[in-house]
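Q: Here is a sequence together with a model predicted from it:
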Amino acid sequence: MSAEVVILGGGVGGTIVANLVAKQTQDRAHVTLVDATGIHVYQPGFLYVAVGLEQPAALNRPESRLLRDDVSLVIERAMRVDPAEHTVYLESGRRLRYDHLVLATGSRTMMGEVPGALDVYDFYTMSGAKRLFKALEGFQQGTIVIGVAGIPYKCPPAPVEFAFLLDDYLRARGIRNQTEIKLLSPLNRAFTIEATSKLVQPILAERGIELTGFFNVESVDPVAKTVTSLEGETMGYDLLILVPPHRGQEVIESSRLGDERGWVPVDKNTLKHTEFADIWAVGDTTNIPISKSGSVAHYEATVAAAEIAAEVKGEPAPAHVYDGKVMCFLETGQGKATTIRFDYDHPPVSPAPARRWHWAKALFNKTYWHTVPQGRLP
Amino acid sequence: MSAIQIDKTIDARGMACPGPLMTLIGAIRQGQVGQVFEVLSSDEGSKTDIPAWVAKAKHELVEVVPEGNYAHFVVRKAR
């Protein structure tokens, strides 16, 4: 009898786990991936959609085309997990029993949690990115403020990258001298990593992007057009772009598998649930205080898949655990980018911004569909 | 360590991004006034960053306890 492996979520993490477990166990496991939409979305592209550099349609693929033929895809919402019964309940009432369960449901954005912020702009959802681009196309002059309204949020470099891409966009339109860009940072520097901030801050200054530190957005007054921080400062804007608060998915919360924000507690090396030995979580879904990014989901997924495959085959747990590896790109505008690499034991390094890192990011974005979901990159 | 009641501990050792302070800010945002948060950080910058934000945001830095290659930062949400 083959083992039942069920994966909730068809994003980068869930898709890699599904493909690698199926590949590594062959007919010893039956792998089922459950996804509410059946559409795989390449979220790092939202940033580019918001400034008109990417077409929305280019960021979507049917999940069925990214999965191996021996993975069963169920396009339906998972409503609840019963860990005692080892069962997932779907919206239709159908039940899936599992021997091994992977939670890869990611995060959701909650702009409604910020008082006064319902109509502010964002680039954290496809609809938000499209709406922001439309607003920017009509923008002629004034102050654009970019802030962070909740932690944790996906892709910590994104607000800085967006500021640079916005600067490029406004220059290309010939209206940069009629506009101000203000970047509000949660910390007392542009970016959480000091070494990266040292590279980025002089470039922000050179581009005339005004940085305000220790400004964690708490509320918005849409009538007065002001934004206020939890540190007690207020700033005016003409167009406000916020990183929305994030939380885990409803299925995690309704199943009581996560903390008060729906993040699933796991061991930071094995990615196993701290309470249930047959449940793993990867990517944004976990409570590990590491960046919520495709890169982390990717590296974690390969580890979780190898652990599950070993259990299915009755082999000892693999020696390789998740070591905290993160590798991200950070656009610095004008066709250049840098990278950020670190793990639990090695502090972060970032090379000087260069054209080759921008091209590496562009290449990665284009080739993603043929490499990452299939687990072809290590 | 002293006998302070900790409500939430965050082990951010080795996690440069989003980093110990960002994670602490996120936890404090979600917490209740009076709750005590502990963050473990191996990042050198935390020694200046965490006290600076706690002072700016008007919370209370209860204690900093160095231990080997990391430190415990204990912060009470004051408002």
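A: Alright, I've got the coordinates.
Q: which residues touch the residue of the stretch 251-378 of chain A found nearest chain B?
A: When scored by Cβ to the nearest Cβ, the stretch 251-378 of chain A has A:Y344 as its residue closest to chain B, at 3.3 Å. Every residue, glycine included, has its C-beta placed from N, CA and C. By Cβ atoms under 8 Å, 6 or more residues apart in numbering or on different chains, the contact list for A:Y344 reads A:268, A:323-324, B:13-15.
Q: Those in helices, which ones?
A: Using DSSP state H, no member of the contacts of A:Y344 sits in helices.
Q: For these, pick the one with the most neighbours.
A: Within the contacts of A:Y344, neighbour counts (other Cβ atoms under 10 Å in any protein chain shown) peak at B:M15, which reaches 27 neighbours.
Q: Nearest residue to it in space, please, no chain neighbours.
A: Take B:M15 and drop its neighbours on the chain: the residue closest to it by Cβ to Cβ, 6 or more residues apart in numbering or on different chains is A:I290, 4.6 Å away.
Q: ok, that neighbour - how many residues close by?
A: 26.
Q: Isn't it up against A:A297?
A: No: using Cβ atoms under 8 Å as the test, A:I290 is too far from A:A297 to be in contact (10.6 Å).
Q: any chance of the contacts of A:Y344 in JSON lines, with distance to A:T25 and pLDDT too?
A: Formatted as JSON lines, these follow (distance: Cβ to Cβ, whole Å; pLDDT from 0 to 100):
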{"residue": "A:K268", "distance to A:T25": "25", "pLDDT": "97"}
{"residue": "A:D323", "distance to A:T25": "24", "pLDDT": "97"}
{"residue": "A:G324", "distance to A:T25": "27", "pLDDT": "97"}
{"residue": "B:R13", "distance to A:T25": "34", "pLDDT": "95"}
{"residue": "B:G14", "distance to A:T25": "31", "pLDDT": "93"}
{"residue": "B:M15", "distance to A:T25": "31", "pLDDT": "93"}
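Q: Look up phi and psi at the residue lying farthest from the centre of chain B.
A: The centre of chain B is farthest from one residue, B:G68, which by Cα atoms, centre = their mean lies 17.1 Å away. The phi/psi pair for B:G68 (degrees, to the nearest 10) reads phi 60, psi -130.
Q: Tell me the buried residues in stretch A:91-103?
A: Buried residues in stretch A:91-103, counting neighbours by 16 or more other Cβ atoms under 10 Å in any protein chain shown, are found at A:96, A:98-103.
Q: could you check whether the helix or strand where A:V312 lies is close to chain B?
A: Here A:V312, judged by DSSP states H and E, is contained in helix A:294-313. No: judged by Cβ under 8 Å from any Cβ of the partner chain, helix A:294-313 and chain B are separated, with a smallest distance of 9.4 Å.
Q: Flag every residue of the stretch 1-150 of chain A that's near chain B.
A: Close to chain B, as judged by Cβ under 8 Å from any Cβ, the stretch 1-150 of chain A has residues A:G150.
Q: For the residue in the stretch 1-150 of chain A positioned nearest to chain B, which non-adjacent residue is spatially closest?
A: Residue of the stretch 1-150 of chain A nearest chain B, by Cβ to the nearest Cβ: A:G150 (7.1 Å). Spatial nearest neighbour of A:G150, chain neighbours left out: A:P245 (2.8 Å); criterion: Cβ to Cβ, 6+ apart.
Q: which residues touch that neighbour?
A: Counting by Cβ under 8 Å, 6+ apart, A:P245 has contacts A:109-111, A:113-114, A:149-150, A:153.
Q: cool, A:G45 as well?
A: A:G45 neighbours (Cβ under 8 Å, 6+ apart): A:54, A:58-59, A:365.
Q: PyMOL command for the buried members of the residues you listed?
A: Buried subset of the contacts of A:G45, written as a PyMOL selection, criterion 16+ other Cβ under 10 Å:
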select buried, chain A and resi 54+59+365
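Q: Turn the contacts of A:G45 into a markdown table, including secondary structure, pLDDT and distance to B:Q5.
A: Formatted as a markdown table, those follow (DSSP: H, G, I helix; E, B strand; the rest coil; pLDDT from 0 to 100; distance: Cβ to Cβ, whole Å):
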| residue | secondary structure | pLDDT | distance to B:Q5 |
| --- | --- | --- | --- |
| A:E54 | coil | 97 | 50 |
| A:A58 | helix | 96 | 52 |
| A:L59 | helix | 97 | 47 |
| A:N365 | helix | 93 | 48 |
